[in-house]
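**Student:** I would like to see how this sequence folds:
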Amino acid sequence: MKRFLLTVIVLLSYYFAFSQAPRTVRYDLYVSDSMIHSHGKMIHAMVINGGIPAPVLTFTEGDTAEIYVHNKMDMETSVHWHGLILPNRYDGVSYLTTAPIKAGETHLYKFPLVQNGTYWYHSHTMFQEQSGMYGAFIIKKRNAPDQQEHTLLLSDWTNENPVQVDRSLHMATDWYGVRKNSVQSYAEAIRTGHFSTKVTNEWKRMMAMDVSDVYYDYLFSNGKPVEVQPQFKKGDKVRLRVVNGSSSTYFWLKYAGGKITVVANDGMDVEPVVVDRLIIGVAETYDVEVDIPADSSYEFLSTAEDRTRSTSVFLGEGPQQKAAPLPRLKYFEGMKMMNGMMKMNGQMDDMDMSMSLQQMDMNAVMYPEDPGVTLNYAMLRSPVKTTLPEGPVKELHFNLTGNMNRYVWTINNKTVSESDKILIKKGENIRIVLYNGTMMRHPMHLHGHFFRVLNGQGEYSPLKNTLDIMPMETDTLEFAATESGDWFFHCHILYHMMSGMGRIFSYQDSPPNPEIPDPKKAIRKIYADDRKIHSAARIGLESNSSDGEILFANTRYRFQTEWRAGYNGENGYETESHFGRYIGQMQWLFPYIGWDMRYRRMHEPEKNLFGQVSTKNRRNVLHAGLEYTLPMLIVADASVDTDGRLRFQLSREDVPVTRRLRFNFMVNTDKEYMAGFRYIMTKYFSFSTHYDSDMGLGAGITITY
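**Tutor:** Now for the predicted structure:
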């Protein structure tokens, strides 16, 4: 019997040792187009292995990952392994580190896993991530004791084509504000006693306060609005591996069963911190522990920062215990705060406040609840020393810049395509002093490296790969340059990244990357993202005339054609076109050249306000001019044509009278004027009416694209 027991023990020890030995773990990922059912209709999606999210990939530290990505779509794709330390050629950014996976091709990613923790993977091609291409990537510690755990992948979903979302953001539509009931119109301002706040806001040439740019139809926990995990019992301590795999949504995390203990961030362990709630930025991961206090099902509630929607996972079996929902934001309080921090030149004024590490949440004026203890980065402390090796220090200063009016996002007022690669050398220590000069949060992610966040914890500063930086904050990051090749550093809000908020770190004297045989051609593909031309159109069909405009614009340039066409010779027609370049960070100045053509049945000659004989009834000229955005968002336009005639014009579109009612006007020195209203029914359709000094009074519809 003793010999039998000894044999069993030996066999078990061999089995345990073998099962814990490093191994090669293979996964096959099949990327395909699909249709999903939403709101009574079928919506296009991109799925991996037939589902959203993609499957959870689970490994053990020391394993070798062998992942075959099979592209079954009719377009190219890519997969980036977010937060992983791996050879440059497998990082997964098409045309920068890794060859794109063409339609019908299979690409092998094979790399050793030199870390443990909670990570994720997603497409790095165009807007495919927003369409469903994301999944969790879990690396367990070797020989770690068993623990009750659950992976929670949070995401956002829009029924709209993400390309259309991006185009709409660049054209300053407030349709998403209408959907979220966050327009902050003049009627709402008067009703809430904030009329002067609204006037001050527009006097400083700011658009309405917003917290998140996009309206989402759903928020998901592992692909479901509500997920139930009944396997957990009273007394269990559950480790939740929380991944924010959204394209642009920050989530507030709360738990109905009590406190939340934070034990890891971005895959790296931290000394446990007990809080009542925390916010998880786009692309961040947190490992948290929660208790199941009784035989009930407790809600782990994830609420979008703009409070429009939430998603939940219920832990345990029994009566549901819900977390208190977060109330609606006080937008006008936030607007009042921002008014005090914005200078007339569009720059932020920090009023000599030293802000960093999420310690002073300037949005807190909009929160009508007592949040209790809220996590911030200063609370995070590594359990091991994280000091960098000795080496020369290369210090960089990055000012996050941009403006909401035209949806331009940059670093030091330059997009990726407008800036050179940042050359670094292996052996250097790179220090980044990061300042957020915009009114929005930005989750800044560094590929292929972890950086130390200098948060007052000295040698035990935490390691991260994605940092949420709030408006007017200054944070300092540092990392050891230990790799080779090119690595992306960018805002992980998908629509900000595609607009150009990023930089490329390039190691000097790196060997050629076999994935990128033609680097010059490849970098042009990278630059094309933020050079993209966006189009828009507005067509009015009313009883007195048709008027409208078509425009094409990118980060710096705009071409625009507008027209008014009457239904008889008395009304006539006119068309005017401008091509020009925006100047300055806030892009309030726009010099242009163009042409002006118009005809209507002749009346008695009249003079313009400059005493020149007006040619508004018959004109065919080239002209040059300047547009400048004045306080109250009024556009001043001064021009001179090839006949030497001058014109000065004031106009404004889309003054928000109510949530859906917009007012617009125009007046110029040719003694032309116009005023009208538009009532928004859908994103593309409005009822409209206006009076035009040449065309008279009319009513009808306006189609907006």
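**Student:** next, count neighbours for Met470.
**Tutor:** 22 (other Cβ atoms under 10 Å). To be clear about C-beta, it is placed using only N, CA and C from the backbone, and glycine gets the same treatment.
**Student:** can you check Asp641 too?
**Tutor:** Residues lying near Asp641 (other Cβ under 10 Å) number 19.
**Student:** packing partners for the helix or strand Gly340 falls within?
**Tutor:** Per DSSP states H and E: Gly340 is located in helix 331-341. Applying 3 or more Cβ pairs under 8 Å, 6 or more residues apart in numbering; DSSP states H and E, one finds that helix 331-341 makes contact with helix 195-203.
**Student:** residues making contact with whichever helix or strand comes after the helix it packs on?
**Tutor:** Remark: after helix 195-203, the chain's next helix or strand is strand 218-221, criterion DSSP H and E. Residues outside strand 218-221 that contact it (Cβ atoms under 8 Å, 6 or more residues apart in numbering): 38, 52-53, 152-157, 225, 227, 246, 249, 251, 302, 304, 309-313.
**Student:** now with 10 Å?
**Tutor:** The contact list for strand 218-221 (Cβ atoms under 10 Å, 6 or more residues apart in numbering) reads 38-39, 52-53, 152-159, 224-229, 242, 245-246, 249, 251, 300-304, 308-314.
**Student:** buried subset of the residues you listed?
**Tutor:** 52-53, 152-158, 227, 229, 242, 245-246, 249, 251, 300-304, 308-314 (16 or more other Cβ atoms under 10 Å).
**Student:** how close does Leu626 get to Ser639?
**Tutor:** 8 Å (Cβ to Cβ, to the nearest Å).
**Student:** how near is the residue nearest the centre of the chain to Phe137?
**Tutor:** Closest to where the C-alpha atoms of the chain average out (Cα atoms, centre = their mean) is Ile493, at 2.7 Å. Per Cβ to Cβ, Ile493 is found 21 Å from Phe137.
**Student:** quick one, phi/psi of Leu633?
**Tutor:** phi 60, psi 30 (degrees, to the nearest 10).
**Student:** tell me, how many residues neighbour it?
**Tutor:** Neighbours of Leu633 using other Cβ under 10 Å come to 19.
**Student:** for it, give its distance to Pro656.
**Tutor:** Leu633 is 11 Å from Pro656, by Cβ to Cβ.
**Student:** go on, Val238?
**Tutor:** 46 Å.
**Student:** more neighbours, these two?
**Tutor:** With neighbours defined as other Cβ under 10 Å, Val238 and Pro656 compare such that Pro656 has more, 24 against 21.
**Student:** how many other residues sit next to Glu604?
**Tutor:** Glu604 has 5 nearby residues by other Cβ under 10 Å.
**Student:** check contacts around it.
**Tutor:** By Cβ under 10 Å, 6+ apart, the neighbours of Glu604 are Asn617.
**Student:** related to what we said a few turns ago, so which of the contacts of strand 218-221 sit within strands?
**Tutor:** Among the contacts of strand 218-221, the members found in strands (DSSP state E) are 38, 152-157, 226-229, 242, 251, 300-304, 310-314.
**Student:** what's the span of stretch 637-647, first residue to last?
**Tutor:** Stretch 637-647 has an end-to-end distance of 8 Å (Cα to Cα, to the nearest Å).
**Student:** neighbouring contacts of it?
**Tutor:** For stretch 637-647, the surrounding residues in contact (Cβ under 10 Å, 6+ apart) are 576, 578, 590, 592-596, 608-616, 619-628, 648-651, 666, 668-670, 672.
**Student:** now the nearest residue to Asn412 once chain neighbours are set aside: which helix or strand?
**Tutor:** In space, and not counting its chain neighbours, Asn412 is closest to Asn399: 5.3 Å by Cβ to Cβ, 6 or more residues apart in numbering. Using DSSP H and E, Asn399 sits in strand 393-403.
**Student:** may I have that strand as CSV, with CA atoms only?
**Tutor:** Written as CSV, here are the backbone C-alpha positions of strand 393-403 (Å, rounded to 0.1, in the frame of the first residue of the first chain):
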residue,chain,number,x,y,z
VAL,A,393,17.9,60.7,-20.2
LYS,A,394,16.1,62.0,-23.3
GLU,A,395,13.3,64.4,-22.1
LEU,A,396,10.3,65.2,-24.4
HIS,A,397,7.5,67.7,-23.8
PHE,A,398,4.2,66.8,-25.3
ASN,A,399,1.3,69.2,-25.2
LEU,A,400,-1.9,67.5,-26.2
THR,A,401,-3.7,70.0,-28.4
GLY,A,402,-6.8,70.3,-30.7
ASN,A,403,-10.2,71.8,-30.9
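**Student:** packing partners for it?
**Tutor:** Counting contacts by 3 or more Cβ pairs under 10 Å, 6 or more residues apart in numbering; DSSP states H and E, strand 393-403 is packed against strand 408-411, strand 422-424, strand 429-436, strand 442-446, strand 474-480, strand 486-491, strand 502-507.
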